[in-house]
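Trainee: coords please:
(chains A, B, C and D, ligands or ions: 2)
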Amino acid sequence: MSKLNNLFRNLKKNKKSAFVGFVTTGDPNYASSKAIMKEMTKYCQIIEAGVAFSTSTSDSPIIMEANDRAIKSGMNLDKTFKLVKEVIVETKTDTCFILMTYLNPIVVYGIKKFINMSKSVGIAGLIIVDSNLNSPEEKLLLKGLTKKGIGYTKIISPTNSEKFIQQSIRNTKNSFIYITTYAGLTGSKNVNLKNVKKLISKVKKYSKEVPTGVGFGVKTTKHVKQVSKYADAVICGSSIVNKIKVGHEKKFSAKKLAKFIGKYVKTLSAGAR
Amino acid sequence: MSKLNNLFRNLKKNKKSAFVGFVTTGDPNYASSKAIMKEMTKYCQIIEAGVAFSTSTSDSPIIMEANDRAIKSGMNLDKTFKLVKEVIVETKTDTCFILMTYLNPIVVYGIKKFINMSKSVGIAGLIIVDSNLNSPEEKLLLKGLTKKGIGYTKIISPTNSEKFIQQSIRNTKNSFIYITTYAGLTGSKNVNLKNVKKLISKVKKYSKEVPTGVGFGVKTTKHVKQVSKYADAVICGSSIVNKIKVGHEKKFSAKKLAKFIGKYVKTLSAGAR
Amino acid sequence: MKIDPFKELNPPTKDGYWINKKTKERFGGAYISSLLVPNLKRVEKGFFKAIKDKKFMKELNEELETFIGVNTPIHFSPELTKLAGGEKKGKIFLKRTDLHTNHSHKPVSAYSCCKLAKYLGFKKILTETGAFQNGRAVASACAALGLDLDIYVGANDAKKLAINKDISALHGANIIEVHDSTKSLLPAMAAALRAFQSEPDSMYVVGSVAGPHPYPLMVRTFGSVIGRITKKQFKNLVGKDPSTIFSVCGGGSNMLCISYPYLKTKSTKIYAVESAGKGLKTGKHGATIGGGGKMGILLGMQSKVLLDGENIAESFTEASGLDFSSIGTEVAFLHSIGRIKFLTATDLEAKKTFMMMARKIGLICAIEACYVIHAAIKEIRKIGKPKQNHLIHLCGAGEPNVAQMMEFMKKNK
Amino acid sequence: MKIDPFKELNPPTKDGYWINKKTKERFGGAYISSLLVPNLKRVEKGFFKAIKDKKFMKELNEELETFIGVNTPIHFSPELTKLAGGEKKGKIFLKRTDLHTNHSHKPVSAYSCCKLAKYLGFKKILTETGAFQNGRAVASACAALGLDLDIYVGANDAKKLAINKDISALHGANIIEVHDSTKSLLPAMAAALRAFQSEPDSMYVVGSVAGPHPYPLMVRTFGSVIGRITKKQFKNLVGKDPSTIFSVCGGGSNMLCISYPYLKTKSTKIYAVESAGKGLKTGKHGATIGGGGKMGILLGMQSKVLLDGENIAESFTEASGLDFSSIGTEVAFLHSIGRIKFLTATDLEAKKTFMMMARKIGLICAIEACYVIHAAIKEIRKIGKPKQNHLIHLCGAGEPNVAQMMEFMKKNK
Ligand SMILES: Cc1ncc(COP(=O)(O)O)c(C=O)c1O
Ligand SMILES: Cc1ncc(COP(=O)(O)O)c(C=O)c1O
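Mentor: Ligands and ions are numbered 1, 2, ... in the order given. Next up is the predicted model:
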């Protein structure tokens, strides 16, 4: 049984939701990013680790800037694997690590090699922003990941068709399905609870099993509390990344930055019931 | 008998050539121009008085600048007539005054009025740079001027056809025919004696009577001497106008400027035999 | 499309005059110094020979079609039609002369005259320019034909930043600044004519239907290719000749280029639009007819001229292509016999029209063309009738006016 | 000339892939976030409906003919023919796409896509631009069609003085600076796609045959009107199809626009020319194929991409229209199956060619077009044969390059 399945089974048992914290790996640099992620393992059941890509077609300006900081500091896929591995080994954490990335880095790295590395460092799941449901790459990935017990998450949003949602559920394997609270960019608007309820009930219509993760615009403890009433996982991205920017601009040391973010994530995650 | 015919008859008798000095009336201003012309009457048998026209299509840059100075100082045809009249009256000179102008000022002033005014101030002759041999204006002018005994000068140059020369001789009445020493602009090159001899002999072929005036590029006493061997009149323009510019730029008073130009013209005119 | 051969519809006398038989006014002629006579004769003779030379004309037409691109479309504009009061006032069409190489009507006569120069064995061209529309057109033609070129430009005009000045230089033209008089277009034209007098191996090319005979005749004869194509196109498109043709008038070349073939077409009214500058009453304008120009003799021609005493008055307009104190001789004649009706538009009206064209029609028009668009819409609103078809000559593109218009846009935000 | 209807000669799969059956490489697809899927579906469906809608296509063709002016001439150039070795190497012709409204091929697909947007009920257009060639083209179309417009431009590109930037503003476009990543074209495209995801009432319009399905298909289908007209014209003019067609390749749109109708014409060889920048060996270039680009996924498409590790490499060239780290999907496919041969020219070679064209041909060409002219002359000198006919796509005019070229001219005096 996969790590993520395990997690959601336990959460369900305890009638709790997972708190998912997003960061870009290597933001603002390797050392600080590592310290931050280590600190975050204390409060996050899942860490969504974004792989910096310069030509992102779906991220908010806040995350675009994080990508720029990470790329400037020399990040790439190999370093991302190394970073995640070190965090897991050094913390011995139960926190699940999900990689969030675009297809280009994976394709260029090699899909097979990517899956093997993911497995070997202990990655629990994968979100690929721009992987088309019907693309050959999606099929290869699905097959490879499932074989290794790594989860695969698809994203759906309020404007997607029923058919698209159905297939997205089908392609979501051993992981939660990612529901955006609005149609737009991460962090650009506030949580729309109506959308959330509607989409969750749509998902439930087609699948009783698949856990639901809800993100986009979840910025405060109150948001987390509201969303976690309905969702199995609540995802906070831009607001955490923005805090990293603040600390980075104040020239915090890795240690101080990690504490700073840890404290913030602790407050946010307290909202998850 | 017209003034100019008289002059050339006397010169012929004495085997002498006339010295013709050119100035733009009102250059650099009314008072100075008047003083200069008064002074020049001492050395010039003929003064060619240019009427400033802003859009001259045949003058050298030196004379263009003189035009600009005169226009800026407020010159127009009425003032030109006044100026010439004052010079004639105040000096009681025998010097013949020829107006050099473009057609536009005359046409706008009115051809008839122009001829009457010319007559009344004592103008001896007229050169119109841009009057076409066959134009209706030329015909009107010829008729009017001849009636009043005012001379009319046509210009010919080395590139003109025999036919053109013949008709130019025909249109030249009671005055000399103006021969340019080269085809180009006034003052732009040096005297070409070969051209002069050739053109004079051409003119003589068609008319034994018409006096020849030679101009363009006559800049030194030596030039004057050379040219006056062949021509009945030697015309100096740009070099005198240039001297006016020099004196004007030195901010000479009217009196000083007149003396300055007088001295220069005296030297030049000494070349005429 | 095959280009119809040229037909002489309004011949001048052999001395180059168009004579109004009623008023006895004479327009045209060649008022030049004797020194220029041989050069002009050579051009005149050569011109008459060339237009009868079938090989020359065939080659010229081919080059005009594929190098200049004279076969530009006629565009029906529902939007302009609406602005003038809708189809009950008739339909409005634009002749897209802005789509020529070098983006105005100037290249047609410029190229043709330079081609003639080459045919006649001249090695070099002399021309003048104000805002480098004509300069650029001639520079491009000279580069294409392998001729040297001196462009005379008023020193004040030369100081202005102008993309067409740089383009003329890129084409290899030699740019000569003229410091006479107002240091603007008029003394530049005079300077070019003076140079023509000094350089017998060079041919002068004029930028409009102006200057001494045969220039006005030559420029409109060559330029009329625009009108000949237009006439055919319009008939194909609409089924009949236009009810009205509107063009702007600086010297009048773009107007004659398009209207010439309609001179004897009684059903087609011809309108010319001058720049009223800051307003006719202010005296600061470029409207020779609208501003009460008188008969005068300027730059070798007899025509209507804006006068300041016996001298030439300075014209004023923000459209450098219209900044001229006279108009073409044949144009002045056609006005005097009532064939062409004159209108004006102010600089401000033209600039507002530029913005309207950019915003609502999607075209960046030469500021010169904006005077005619404004006046045409206003006139059509007054005189238009159902089933009429109005043709506006969009004689140039507005790249040279972009800086000027950006300032206007910022000020008027 | 009547425009021949579009015929599909190289259909992609229904998911928008062109597949090389030998190598199994797949070019195209739609690699986009789920949030973009509905918007793209709306465009895709609408596009297929529109091109089957006779009324829509008739109106579009009319507007392309009279507003954009797609009926540009083909110019035989004796001078270029001579430069390539004379007629024993074949004749050289130029397709004068520089004579379009807005002076490049971009307006054809820009106008068509905006027209489609209006047809589908969108109120606003989103697009990206590097040097405002595409920005200007879309701005003009939006003004003509009454659509709002946001243009995304890299903050570094926005700083550069550019006449086409000002013209876009005059047309009323809203210009949004993008501060991500390299602050250049790539992040601007990404930003426009992101905005598309946020604004469901807006339609994205891409500046080349790139991006997610259906964009590459749509742009070349609409743009192919240039090639359809060319094919007919060339047959009329020369009596047969050209032996070779040369075009420059940034994204590949102008190349596909003109070459598409010849894809199945075996006797016509198709060449694409990339910018070798400072030289392929320096690494500072914009040659995706010539510089060894690999398969990658960028801006929603799978194609050849210049890579820097797993990220996208920065391209480099002085021709802003060629400054792109990838090429269109169908272009990459056609290269992979050997239908298109790729060549390169350096920035310096292009600039020298610009000067040659200005001086000897009399044309101010878009710097982008100068790469292809240089490479074509070189190649024709090698491969040309008597009685061949070579067609070079003169895809744009060079006004935007004048400042840059004036500097070059001054330095090289
Ligand atoms: C675009 C344009 N239109 C009109 C004119 C006015 O000249 P004309 O009346 O001779 O056509 C000019 C002159 O430069 C021009 O450039
Ligand atoms: C004039 C011109 N040519 C060529 C290009 C290159 O683009 P593409 O290869 O997509 O035609 C551009 C792009 O801006 C351009 O402006």
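
Trainee: Tell me where the stretch 251-400 of chain C has strands.
Mentor: C:269-275, C:294-298, C:301-305, C:307-308, C:311-312, C:340-345, C:389-394 (DSSP state E, counting those that start in this stretch).

Trainee: Give the buried residues for the second one.
Mentor: Buried residues in strand C:294-298, counted by 16 or more other CB atoms under 10 Å in any protein chain shown: C:295, C:296, C:297, C:298. Quick note: C-beta positions are derived from backbone N, CA and C, even for glycine.

Trainee: cool, and stretch C:2-15?
Mentor: Buried-residue list, stretch C:2-15, by 16+ other CB under 10 Å: C:3, C:6, C:10, C:12.

Trainee: what secondary structure does the second one sit in?
Mentor: It stands for residue C:6. coil (DSSP: H, G, I helix; E, B strand; the rest coil).

Trainee: in what helix or strand does the residue nearest to residue A:59 when sequence neighbours are not counted lie?
Mentor: Distances taken as CB to CB, 6 or more residues apart in numbering or on different chains put residue A:186 closest to residue A:59, at 5.9 Å, once the chain neighbours are dropped. Here residue A:186, judged by DSSP states H and E, is contained in no helix and no strand.

Trainee: picking that back up, with mean pLDDT and distance to ligand 1 added, can I get the strands of the stretch 251-400 of chain C in TSV?
Mentor: Converted to TSV, the strands of the stretch 251-400 of chain C look like this (pLDDT from 0 to 100; distance: least, CB to the nearest ligand atom, whole Å):
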stretch	mean pLDDT	distance to ligand 1
strand C:269-275	98	8
strand C:294-298	97	15
strand C:301-305	98	13
strand C:307-308	95	20
strand C:311-312	92	17
strand C:340-345	98	12
strand C:389-394	98	9
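
Trainee: can you redo these as a markdown table with distance to residue D:104?
Mentor: Formatted as a markdown table, the strands of the stretch 251-400 of chain C follow (distance: least, CB to CB, whole Å):
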| stretch | distance to residue D:104 |
| --- | --- |
| strand C:269-275 | 31 |
| strand C:294-298 | 42 |
| strand C:301-305 | 41 |
| strand C:307-308 | 47 |
| strand C:311-312 | 43 |
| strand C:340-345 | 31 |
| strand C:389-394 | 19 |
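
Trainee: quick one on the thing from earlier: export the buried residues of stretch C:2-15 as TSV, with columns for pLDDT and secondary structure.
Mentor: As requested, those are exported to TSV (pLDDT from 0 to 100; DSSP: H, G, I helix; E, B strand; the rest coil):
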residue	pLDDT	secondary structure
C:3	92	coil
C:6	97	coil
C:10	98	coil
C:12	98	coil
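
Trainee: residue contacts, residue 272?
Mentor: No chain in the question, so chain A it is. Contact analysis of residue A:272 by CB atoms under 8 Å, 6 or more residues apart in numbering or on different chains lists A:16, A:17, A:18, A:19, A:224, A:225, A:228, A:234.

Trainee: was after chain C, sorry
Mentor: C:247, C:248, C:249, C:252, C:255, C:289, C:331, C:335, C:340, C:341, C:342, C:343.

Trainee: which among these end up buried?
Mentor: Buried members of these, scored by 16+ other CB under 10 Å, are C:247, C:248, C:249, C:252, C:255, C:289, C:331, C:335, C:340, C:342, C:343.
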